[in-house]
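**Student:** coords please:
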Amino acid sequence: MFEERRIGLAAAMEERGGWPDDSPWVRAAVDAVPRHSFAPDTLWRWDGDAYVAVNRATEPERWAAEVYGGPGDPAVTQVADGRATSSLSCQSVVVDMLDSLMPDPGHRVLELGTGTGWNAALLARRAGPGRVTSVEADPGLAAAARTRLEAAGADVTVVTGDGRLGHPPGGPYDRVESTYAVETVPWEWVAQTRPGGRIVTPWGRMGHVALTVAADGLSATGWVQGLALFMPARGTPARLGWREVRGDGPAEDESTRALDVPRLADPHQLFALRVLLSDVEIVLGDRDGPVAWVHDGRSSWAVLTGPEGGPGAAFQGGPRRLLGEIERAVARWEHHGRPDLYDFGMTRTPDSQYVWSHDSDTGHRWATVTGLARATVAERVFGGLTGRAGPGP
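**Tutor:** This is a model prediction of the structure:
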């Protein structure tokens with residue numbers, strides 16, 4: 001049952017070009033370390049309204065299907081208060097981030113966010129025994145990961161603690177990888193990475209960056225590597241969702257807009273909007289036609305529906321007119337030459353963090369702000385560029 005599904009997932013990765021040619025070790029590691037060996041006996045599947053449990057003992061076929069979905073399908077491993085809080089990340093994202101990390105045999109590696117332990121096992125396969133330290137905030141997850149890693153013969157040190165602080169006793173590190181999203185890259189990660197070392201982390205649940213620490217250790221700079229969706233750091237305050245911001249009152253503004261939903265689905269434009277409107281969340285989906293749900297996590301919301309190539313019907317509420325802000329942000333993006341997501345990069349210094357386009361020294365810069373929200377988008381929109389989104393509004 002598992003072997004057939006593993007082969008099918010590997011073939012799907014091959015079909016979409018998901019195996020990196022310049023990091024053949026990644027595929028070898030995935031082949032050698034079975035994904036299902038790191039999945040708990042209970043997984044969680046979104047049924048359109050809530051997460052429902054899928055138990056290995058009572059529903060083995062469905063459980064296996066959750067573990068080995070498509071390349072962009074994560075398996076949710078933990079749910080709290082109706083929200084997914086941990087997952088076995090989708091294979092395409094795990095592979096892409098390992099390729100971006102560029103670990104070599106003998107490298108000392110720090111992983112933040114052990115989760116199930118699968119990614120740590122893949123890292124250990126590359127770096128070697130005793131070379132990987134992984135930090136997990138949840139004591140229960142940490143204990144379970146230790147057990148699975150030991151059973152798999154992976155020599156990984158699992159530490160229970162706050163990943164934002166890194167793990168100074170094991171440093172300095174050659175490579176640092178976070179498996180959860182941060183808005184601001186903790187300076188501790190940079191300080192614990194050797195000059196020339198590399199840090200790969202998701203940024204605010206949309207996209208991941210690879211930063212190289214400068215020779216003087218006083219900054220880390222690098223390019224956006226791709227798009228994916230990530231859970232935030234444990235303990236991050238829950239942000240209001242679209243339904244909560246929308247409420248039950250009538251729309252305050254109804255109109256048509258020049259924006260159309262399929263145009264919003266362009267991944268490069270979406271990433272630019274994430275930079276320019278960092279507190280605005282955009283979720284794209286289909287409800288009898290394309291739809292975009294937009295909100296600021298506080299008090300303003302909008303929904304846009306409409307066919308490709310034509311004006312959309314728009315409904316908005318709250319003190320801000322978010323669709324107008326999006327239109328102006330798109331105009332700014334176009335004014336700067338429509339940089340695509342791979343034209344963007346990030347620099348972290350001890351007292352600042354900013355995103356730039358085209359060139360870290362001469363390109364246009366946008367300061368980033370800690371604690372603001374992110375833009376998200378459904379996997380079906382990005383196709384091969386991202387993992388699966390969580391439930392829509």
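
**Student:** hey, let's count contacts and neighbours off CA atoms from now on
**Tutor:** Will do.

**Student:** do a quick rundown of the strands in the stretch 201-350 of the chain.
**Tutor:** 208-213, 220-226, 253-257, 281-286, 290-295, 301-305, 312-317, 344-349 (DSSP state E, counting those that start in this stretch).

**Student:** for the second one, what is the average pLDDT?
**Tutor:** Pointing back at strand 220-226 there. The pLDDT scores in strand 220-226 average 95.

**Student:** burial count for residue 158?
**Tutor:** 21 (other Cα atoms under 10 Å).

**Student:** just send the strands of the stretch 201-350 of the chain back as TSV, with mean neighbour count too.
**Tutor:** Shown next, in TSV, are the strands of the stretch 201-350 of the chain (neighbours: other Cα atoms under 10 Å):
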stretch	mean neighbour count
strand 208-213	26
strand 220-226	23
strand 253-257	14
strand 281-286	21
strand 290-295	24
strand 301-305	25
strand 312-317	21
strand 344-349	22
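
**Student:** okay, now residue 335: neighbour count?
**Tutor:** There are 10 residues near residue 335, going by other Cα under 10 Å.

**Student:** do residue 165 as well
**Tutor:** Neighbour tally, residue 165, other Cα under 10 Å: 14.

**Student:** secondary structure class for the closest residue to it other than its chain neighbours?
**Tutor:** Excluding its sequence neighbours, the residue lying closest to residue 165 (Cα to Cα, 6 or more residues apart in numbering) is residue 188, at 5.8 Å. With DSSP: H, G, I helix; E, B strand; the rest coil as the basis, residue 188 sits in helix.

**Student:** just the pLDDT for residue 188.
**Tutor:** 98.

**Student:** so what's it up against?
**Tutor:** 164-166 (Cα atoms under 8 Å, 6 or more residues apart in numbering).

**Student:** ok, back up a step: can you lay out the strands of the stretch 201-350 of the chain as CSV showing distance to residue 51?
**Tutor:** Formatted as CSV, these follow (distance: least, Cα to Cα, whole Å):
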stretch, distance to residue 51
strand 208-213, 26
strand 220-226, 28
strand 253-257, 33
strand 281-286, 19
strand 290-295, 21
strand 301-305, 25
strand 312-317, 29
strand 344-349, 35
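
**Student:** mean pLDDT lowest where, among these?
**Tutor:** Among the strands of the stretch 201-350 of the chain, strand 253-257 scores lowest, at a mean of 82.

**Student:** and the angle from that one to strand 301-305?
**Tutor:** Counting by axes from the mean of the first three to the mean of the last three Cα atoms, to 10 degrees, strand 253-257 lies at 40 degrees to strand 301-305.

**Student:** and strand 253-257, what does it pack against?
**Tutor:** Here strand 253-257 touches strand 312-317, going by 3 or more Cα pairs under 8 Å, 6 or more residues apart in numbering; DSSP states H and E.

**Student:** would you map out the domains in this structure?
**Tutor:** Taking automatic domain parsing as the reference, the chain has its domains at 2-179, 242-337+372-381.

**Student:** what is the end-to-end distance of the first one?
**Tutor:** The stretch domain 2-179 measures 25 Å between its terminal residues, going by Cα to Cα, to the nearest Å.

**Student:** so, low pLDDT: which residues of the protein?
**Tutor:** 205, 232, 234-238, 307-310, 369-393 (pLDDT under 70).

**Student:** how does it look with 80?
**Tutor:** 1, 48, 204-206, 228-242, 256-260, 262-263, 287-289, 306-312, 369-393 (pLDDT under 80).

**Student:** hey, where'd the helices end up in it?
**Tutor:** Assigned by DSSP state H, the helices in the chain fall at 2-15, 24-32, 60-67, 91-101, 118-127, 139-152, 187-191, 242-246, 261-264, 267-276, 322-335, 379-382.

**Student:** Throw these into TSV and include distance to residue 111, thanks.
**Tutor:** Formatted as TSV, the helices of the chain follow (distance: least, Cα to Cα, whole Å):
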stretch	distance to residue 111
helix 2-15	24
helix 24-32	16
helix 60-67	22
helix 91-101	11
helix 118-127	7
helix 139-152	13
helix 187-191	10
helix 242-246	32
helix 261-264	34
helix 267-276	26
helix 322-335	34
helix 379-382	25
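
**Student:** please name the nearest non-neighbouring residue to residue 84.
**Tutor:** Nearest non-adjacent residue to residue 84 (Cα to Cα, 6+ apart): residue 78, at 5.9 Å.
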